[in-house]
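Asks: Sequence and computational prediction follow.
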Amino acid sequence: MMKNFKAEIISNKEVNPDIFNLIFKAPELAAAAPGQFLEILCGADGVSGGPFLRRPFGVYNTDVKKGTAEILFKVLGQGTKNLSARKAGEILDIVGPLGSGFKIIDTPRPVIAGGGMGVAPLLLLAKILHEKKQKPIIFLGAKNKEELAAAEKFEKYGKVILTTDDGSAGEKCFLNIPLEKYLKENKNAVIYSCGPHPMLKCLAELGKKYKAAVQVSLEEKMACGLGVCRGCPVEVKNKDEKYKMVCKDGPVFPAEDVVW
Amino acid sequence: MVKIKIAGLELKNPVMSASGTFGSGAEFAEFFDLSLMGAVVCKTVTLNERAGNKPPRVADAPAGMLNAIGLENKGVEYFINTSLPFLRKYDTKVAASAAGNNVEEYVETVKLLAAQPEVHAVEVNMSCPNVTHGVNRGLFSQNPDTVKEIMSAVRKETKKPLFAKVSPQVADITAIAKAALDAGADALSLINTIPAMGVDLKTRRPLLGNVTGGLSGPAVKPVALKLVWDVFKTVKIPIIAMGGIMNAADALEFILCGATAVQVGTANFINPRACVEIAAGIEKYFEENKLQNIEDLRGKLKV
């Protein structure tokens, strides 16, 4: 159930240049499902000195025993800049967990595909698939080695295949190249994905071609995060309505429902 | 409790949700008891379903936000059958909100809404900046004659209280307020968002998919205060004020400028408990300052 709560920061580490791993106390998020997200106030007080609206962040990890949760983010604008300056002991104002996350399918061929900061909501998913004794194959792609910020963390949950645009880690290509090779040999895979829009569009096409069920976690400019303001539409096909809301109906959607 | 009477309704406090920022309350009921609100003003509905605008529909602005939702809604019948029954279990007043593309649609929609026992009042939204009409692509409430035409027509359909919700972007707000009053409006809801836009220099694109939209949040509060004050001084119509109310102090400032009730809008996106916290803050202020009722503060700005 979603709540508005205050969370004490335990640590906020720059794990790679401009990429931060923020850990905070949040027993409220013990039941957060992979793919769900949080709306965090990133302004000084929500009114002045920062972005006015809350900013959405995927739940990167939870530790139910310790009652903690994590987010992973890259400094892109004023909101993430403010967040990167927050220190241990300070308090975050969070609404969550929000949205509808990944639907976990019982399959012998689970695939995780994360592009850039799209890895953030996938780590918790990898962990849960691992707990369910599934052995996901994990494709992680980024611009360069520095942006593959979470790669080692995935290694304990499955086989990891890396790609970078500049070849500084893994193969020098987009992740769809090795992923397509895998799909050619493994029919009926289930792909859980998050990343830039062109990447997800490409995965949707691969899914169609190789009969893989693709789930995509989407992003859109967002205000309330609750489904109330109707501010974050994604155009869908074959549904009663033209638009679904990323915050409430998603952020995870079956790729075949999305108008790419 | 700071009970008020407005437009023939008795409210347990002066705080309402602003239309379009609160759905029909269901999502916020997870954060607090809706019975603590003066009234729930639901999202605007139209006679027929509207898909709304293409994204992006929202954007940040300095001390506020832009939106161009485009009155997305599933139509008045869906609202009556699916959204309204939920509000029955709460001890609060319910105002439905109606809009249309022409007078006939306003009439039909208000008629259907006002006939529902759960609906205590109807707010007539003549000022959504994302819905334009006529050759000038203006908003209905930018012309006093149009306000008079719409409000007179819907007035014939119901005895229930009617709020006229109007745009801040007019040459003379008092002419609009007077037109609403003359046509039988029981209260004036002031202000809707200010028509606005934003630009992304990096991409050279507008921030909103609809190019233009409406500005709300703390940025608009000084504009809203002035319009409320202008109407209060010259037109004898009860005012439901809104525009950037984030806390009880903001709400009290509007009451000082002449508002009988307030609506909380954009603040709901920042603080899901904003409505109930503002209601509590108003009560505390009244207790601390030994004020008995709203009239002890309303319009008492020392000038």
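Replies: Right, received. Where do you want to start? Residues are numbered from 1 along each chain as shown, chains lettered A, B, ... in the order given.
Asks: ok, the nearest residue to residue A:193 once chain neighbours are set aside - contacts?
Replies: Spatial nearest neighbour of residue A:193, chain neighbours left out: residue A:113 (4.1 Å); criterion: Cβ to Cβ, 6 or more residues apart in numbering or on different chains. All C-beta atoms are positioned from the backbone trio N, CA, C, and that covers glycine. With contacts defined as Cβ atoms under 8 Å, 6 or more residues apart in numbering or on different chains, residue A:113 is in contact with A:138-141, A:175, A:179, A:191-195, A:199, A:203.
Asks: Distance to residue B:3, neighbour count and pLDDT added to the residues you listed, as TSV?
Replies: Conversion of these to TSV gives the following (distance: Cβ to Cβ, whole Å; neighbours: other Cβ atoms under 10 Å in any protein chain shown; pLDDT from 0 to 100):
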residue	distance to residue B:3	neighbour count	pLDDT
A:138	60	26	97
A:139	62	28	97
A:140	60	27	96
A:141	61	30	95
A:175	62	25	93
A:179	63	26	95
A:191	58	25	98
A:192	53	29	98
A:193	54	27	98
A:194	50	28	98
A:195	54	26	97
A:199	57	22	97
A:203	57	27	97
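Asks: and those residues, which of them are in helices?
Replies: Among these, the members found in helices (DSSP state H) are A:179, A:199, A:203.
Asks: Can you pull the phi and psi angles for residue B:19?
Replies: In this entry, residue B:19 is assigned phi and psi values of phi -60, psi 140 (degrees, to the nearest 10).
Asks: how many other residues sit next to it?
Replies: Other residues lying near residue B:19 total 28 when counted by other Cβ atoms under 10 Å in any protein chain shown.
Asks: Checking the residue nearest to residue A:193 next. Helix, strand or coil?
Replies: Classification of residue A:113 by DSSP: H, G, I helix; E, B strand; the rest coil places it in strand.
Asks: Out of the ones in helices among the contacts of residue A:113, flag the one nearest to chain B.
Replies: If you rank the ones in helices among the contacts of residue A:113 by distance to chain B using Cβ to the nearest Cβ, residue A:199 comes first, at 18.7 Å.
Asks: how about the closest one, what does it touch?
Replies: By Cβ under 8 Å, 6+ apart, residue A:199 lies in contact with A:113, A:115, A:118, A:141, A:174, A:175, A:176, A:193.
Asks: picking up where we left off before, reformat the ones in helices among the contacts of residue A:113 as TSV; add distance to residue A:32.
Replies: Rendered in TSV, the data for the ones in helices among the contacts of residue A:113 read as follows (distance: Cβ to Cβ, whole Å):
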residue	distance to residue A:32
A:179	27
A:199	25
A:203	24
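Asks: Quick check: residue B:224 is in a strand.
Replies: No. The assignment for residue B:224, made by three-state DSSP, is helix rather than a strand.
Asks: per-residue confidence for it?
Replies: The pLDDT attached to residue B:224 in the predicted structure is 98.
Asks: How about residue A:49?
Replies: Reported pLDDT at residue A:49 in the predicted model: 63.
Asks: now residue A:45
Replies: Reported pLDDT at residue A:45 in the predicted model: 53.
Asks: any idea whether the residue of the stretch 51-200 of chain A found nearest chain B is helix, strand or coil?
Replies: The stretch 51-200 of chain A approaches chain B most closely through residue A:51 (4.9 Å), counting by Cβ to the nearest Cβ. Here residue A:51 is coil, with the state taken from three-state DSSP.
Asks: surely it meets residue A:81?
Replies: No. Taking contacts as Cβ atoms under 8 Å, residue A:51 lies outside contact range of residue A:81: 9.8 Å.
Asks: So those two - more neighbours on which side?
Replies: Set side by side, residue A:51 and residue A:81 show unequal neighbour counts under other Cβ under 10 Å, the larger going to residue A:51 at 20 against 14.
Asks: show me what contacts that one?
Replies: Here residue A:51 is in contact with A:42, A:43, A:77, A:78, A:79, A:82, B:60 (Cβ under 8 Å, 6+ apart).
Asks: and those residues, which of them are in helices?
Replies: Taking DSSP H, the ones among the contacts of residue A:51 that sit in helices are A:78, A:79, A:82.
Asks: Most neighbours out of these, which is it?
Replies: Taking other Cβ under 10 Å as the neighbour criterion, residue A:79 ranks highest of these with 22 neighbours.
Asks: Return the per-residue confidence for that residue.
Replies: Residue A:79 is given a pLDDT of 91.
Asks: do the same with residue A:243
Replies: In this prediction residue A:243 is given a pLDDT of 97.
Asks: Please list all residues in contact with it.
Replies: Residue A:243 makes contact with A:233, A:234, A:235, A:236, B:51, B:52, B:72 under the criterion Cβ under 8 Å, 6+ apart.
Asks: Check residue B:16 too.
Replies: Contacts here follow Cβ under 8 Å, 6+ apart; on that basis residue B:16 touches B:37, B:38, B:39, B:40, B:41, B:95, B:240, B:261, B:262, B:263, B:264, B:275.
Asks: Next: residue B:263.
Replies: Residues in contact with residue B:263 (Cβ under 8 Å, 6+ apart) are B:15, B:16, B:17, B:18, B:19, B:41, B:189, B:240, B:241, B:242, B:245.
Asks: Got a quick PyMOL command for the buried subset of those?
Replies: One line in PyMOL is enough to select the buried ones among these; burial here means 16 or more other Cβ atoms under 10 Å in any protein chain shown:
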select buried, chain B and resi 15+16+17+18+19+41+189+240+241+242+245
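Asks: Out of the contacts of residue B:263, which comes closest to chain A?
Replies: Checking the contacts of residue B:263 against chain A with Cβ to the nearest Cβ, the nearest one is residue B:17 at 9.7 Å.
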